[in-house]
Each structure stands twice: as C-alpha cells, then as structure tokens.
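Asks: with the input below, show me the fold.
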Amino acid sequence: MSDATARIGVQKEPEHDHPIAREERLVRVYVWEVPVRLSHWLFVLSIAVLSFTGYYMYNPFMTAWGNRAFVMGRMRYIHEVAAWVFIAAVLLRFYWFVAGNRWAHWRSFVPLERWWRKGFWTQLKYYIFLNRHPDSEVGHNPLAAATYMAIFGLMLVEIVTGLVLYNHILGSKVLGFFVDWIPGIINIRYLREIHFFIMFAFFAFVIHHVYSAVLIGIEERSGLVGGIFSGYKFFPAAFVASDPTRREHEEKVPAVAAGRSHKIRTGKRDGEAPAAGGDAEPGDRPE
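Replies: Numbering: from 1, shown residues only. Model (predicted):
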C-alpha cells in the first residue's frame, strides 16, 4: 500500500479517552444520598481532629507556661468529643448499608456475584498498568468497595481500642462491662500502639483515595469528585440501565439510543460479546 493510500485511510478514534467519556446522551444519576455524604465529611473532619490531638497526646510538641495552662487536658477533651462524632458517623454509615440505595447497600461491597469479582481484577490490572481503562461502575468499583470494607474494619478496631483506653481512665461500669475483658487478652500498652499506628493507615488511605478519585474522574468524565458534594454523577443512560447492582424492587433506568462504545460497555456488562470493531482490550470478552 502506498503512502498516499495510507494517508487517506479511516481516521482512528483517540485511544486515550475512556469509552464512557465518548458517549452521548448523558443522564444525571443521584448516586450518593445525604447520609453517605454526611458520614463521609464527618469522617474527614473527625479524623483530621483526632489525628492532630492524638499525635499530641502521644508526643506533646507544644509547651505552655502559666498557672492556667492545661494544653494536654484540652487536647484530650477535643479528642474525646471528636471520637464520639466519629463513632456517630460510623454508625450512620453502617445503618445506611441496609437502608441506602443500591450503590450504598452492603451487597455492592461484597463479592457475591460474578460481575463484582471480575470487576475487582479488572480494576487491579488497571492500577498495575495491565489494562488501559479502569473498571467503571455507577457506584463504587469492586476494588474500591473492597478497600472501603477494609477501612471500615480498621475504623471498628480504632473505635474499640479507643473505648478501651477511654475506659482505662474513666473507669465506667457500663462501658467497662463491654470492653474490660479486652486488656486481659492484649496488654493496654499494645492497644495504645495499635490505636496510634492505625492513624497512619488512614493517612495512606486518604492519599490514595484523593489520587484515585481525581484519576478515575478524569478518565470517566463522570463528575466523580463533585458527586461527593452534590450526590450526582453523569453516565450514559444505557450504561446506568445495565447497572448490575440494581435490586429487584428498584426501578430500572430506561435506556436510550446508544453509540458504538456505549454498546461495547453495556454488552460486556451483560455478558455479551463486545460489538465488532470496538475498542475492547484483550481479556475484556466474557469468560
């Protein structure tokens, strides 16, 4: 084939765009309800306060002089107030695992179905540079959901160890009934260290969480970052209609006419072969 013939060939679509980003007919989807957003921002604020005051209690880095100076006492008081806010946020989010919509429900966070398990490996391959595009879901992708479940587990450990340390000072009979047995298994000094070092696990998670949210938002063009403020994300209607997290009692979003890549995405999600000539990657076809 001559160079002239090659120059007039069919122009390829840009390869750097995520398939969803090339779709038309976007719909606005109310994904994150008020309790999800409220608990999220309570986590952010309370963890920031708890980290600052907790680090000071572990390693005092300020000294105040005077008869009325009581920095450690104030830090401890602020830490305890923030801790109860944190516990309330965790309880709210756990309740919403049951009462929330399809994207907040606990079923979206555990590997009960084939699409979840496949999406987990697809997203993992994206992060280790084996897939060109991330696994897209209206709610959390499976890898993110698994990470959140691990973080919620750490939150529970942080709450339990914090209550043990609190009761160690307070000596409450009511609270002691629930947590007094724990120091008999794990020394109070080790519980204090566990409580302290989980803070650094939260730091690592926050760094990756912000990075990945911005990255996936750019890839999908779905308004991912803004969604935690407004609750809304933007997707093609057919993509939302094929959402595998929909429960039986929930209304199915009606699909509209779809473009080529639109059909590729929904075809893969429904277990069908991607459309011929599409930009599917190796390993994307159904097993």
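
Asks: mind listing what's buried in the helix or strand harbouring residue 219?
Replies: Assigned by DSSP states H and E, residue 219 belongs to helix 188-220. Within helix 188-220, the residues that count as buried by 16 or more other C-beta atoms under 10 Å are 191-192, 195-196, 198-199, 202, 205-206, 212, 216-217, 219-220. Any C-beta I mention is one placed from the backbone N, CA and C, and that applies to glycine too.

Asks: pLDDT of it, averaged?
Replies: Mean pLDDT, helix 188-220: 94.

Asks: likewise for stretch 230-241?
Replies: 83.

Asks: quick one on the thing from earlier: pull the distance from the helix holding residue 219 to the chain's centre.
Replies: Computed by C-alpha atoms, centre = their mean, to the nearest Å, the chain-centroid distance of helix 188-220 equals 11 Å.

Asks: and the next helix or strand past that helix?
Replies: Counting by DSSP H and E, what follows helix 188-220 is helix 224-230.

Asks: residue 120 contacts residue 142, doesn't it?
Replies: Yes - using C-beta atoms under 8 Å, residue 120 is in contact with residue 142, at 4.0 Å.

Asks: re earlier: quick check: which helices or strands does the helix holding residue 219 pack against?
Replies: Helix 188-220 sits against helix 34-58, helix 142-170, helix 224-230, with contacts defined as 3 or more C-beta pairs under 8 Å, 6 or more residues apart in numbering; DSSP states H and E.

Asks: what separates the last one from the chain centre, distance-wise?
Replies: This points to helix 224-230. 12 Å.

Asks: buried residues in it?
Replies: For helix 224-230, by 16+ other C-beta under 10 Å, it's 224, 227-228.

Asks: and the helix or strand just after that helix, which strands flank it?
Replies: The helix or strand immediately downstream of helix 224-230 is strand 232-236, counting by DSSP H and E. Strand 232-236 pairs in its sheet with strand 26-30 (antiparallel), by DSSP bridges.

Asks: who touches the strand it pairs with?
Replies: For strand 26-30, contacts defined as C-beta atoms under 8 Å, 6 or more residues apart in numbering pick out 138, 231-237, 240, 253.
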